[in-house]
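here are the coordinates; sequence isn't available:
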């Protein structure tokens, strides 16, 4: 009986010691990575002979994301541009390593949205294009709405914030976006040369085109159809692939996926950038975009030139077998 009682006492004691030990190790690791991240970011203040400090993916994966977010907070609106940029990119890395942690991802998006709204770093808004609708909480949406309202008053609506409106699925803004639409084919804004021939160069950077894209992403059929028609209206197919395909990928609707699929099946090439080499296949550009758009896509997204012929063949086969697109929005 005494042995049983001793065992009953020892087992909980050992469990407590084990948990306490693990906690100490975890805290020690977090302190170490926190210091390393501070050193890493601070190194970007040095313009010459910057020390080589790296933060590996494994380190970020294993660290407590909340601790890292706490460390990064003071640097997000730093006066040094490079410090801000590396901070924002580290925020995105943290979010990407925790795809199912809604709280972490929404915190990252809110901070990037705030930085973009404050215009401390225009890159922050660009980084937000990598996120999906569930990553935007009410505070993030409020900041986007505020930016849109102010920009409308100043007649200087930022295309970046317009696209974020579509990504965040802010359907309540559809009426405002409709007010911003333009007649792209007859648009003469911008500073393009020979507007009658290069009209599309002006409208692809216009507020109206971006408003149409945002409405398309939120499922407005007439705008989806119009976007695809405008894409086809660009006579030079090389320019279409380079300048318009990414915008079509942004739409994330079945019609847009079908449009991209046509280019995935193409064997045409872009002009070569260097002598005695072949230009990149249209198909690889389409593959690169589709990899970010579809669930269960057979290859991970990487640089468009980094895909092999075997990966291209695999993706073509996979796309041909799909009955319904599972689109990431």
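Noted; the coordinates are in hand. All figures in this text were calculated on a predicted structure; none of them were measured in a lab.

how about the spatially closest residue to residue 42 that is not a sequence neighbour, what does it touch?
Of all residues not flanking residue 42 in the chain, residue 83 sits nearest, at 7.8 Å (Cβ to Cβ, 6 or more residues apart in numbering). Any C-beta I mention is one placed from the backbone N, CA and C, and that applies to glycine too. Residue 83 makes contact with 41, 42, 44, 45, 75 under the criterion Cβ atoms under 8 Å, 6 or more residues apart in numbering.

Can you flag which of the residues you listed belong to helices?
Using DSSP state H to define helices, the subset of the contacts of residue 83 located there is 41, 42.

before we move on, back to that, what does the residue nearest to residue 42 show for phi and psi?
The phi/psi pair for residue 83 (degrees, to the nearest 10) reads phi -60, psi -40.

same thing with residue 247?
Dihedral angles for residue 247 - degrees, to the nearest 10 - are phi -70, psi -40.

what's the closest residue to it other than its chain neighbours sitting at in phi/psi?
Sequence neighbours aside, residue 213 is the residue nearest to residue 247 in space, at 5.9 Å (criterion: Cβ to Cβ, 6+ apart). Backbone torsions of residue 213, given as degrees, to the nearest 10, read phi -60, psi -40.

Check the gap between residue 213 and residue 319 for me.
Using Cβ to Cβ, to the nearest Å, residue 213 is found at 23 Å from residue 319.

any chance you could map the helices in the stretch 151-300 of the chain?
Counting by DSSP state H, counting those that start in this stretch, the stretch 151-300 of the chain has helices at residues 159-167, 174-180, 195-203, 207-217, 221-233, 237-239, 245-251, 254-264, 282-293.

meant to ask about the stretch 1-150 of the chain, not that
2-42, 57-62, 65-72, 81-96, 102-117, 122-127, 138-153.

Centroid-nearest residue for this structure?
residue 130 (1.1 Å; Cα atoms, centre = their mean).

related to what we said a few turns ago, comparing the helices of the stretch 151-300 of the chain by mean pLDDT, which bottoms out?
Among the helices of the stretch 151-300 of the chain, helix 195-203 carries the lowest mean pLDDT, at a mean of 69.

which parts of stretch 284-303 are buried?
By neighbour count on 16 or more other Cβ atoms under 10 Å, the buried set for stretch 284-303 is 284-294, 297, 299.
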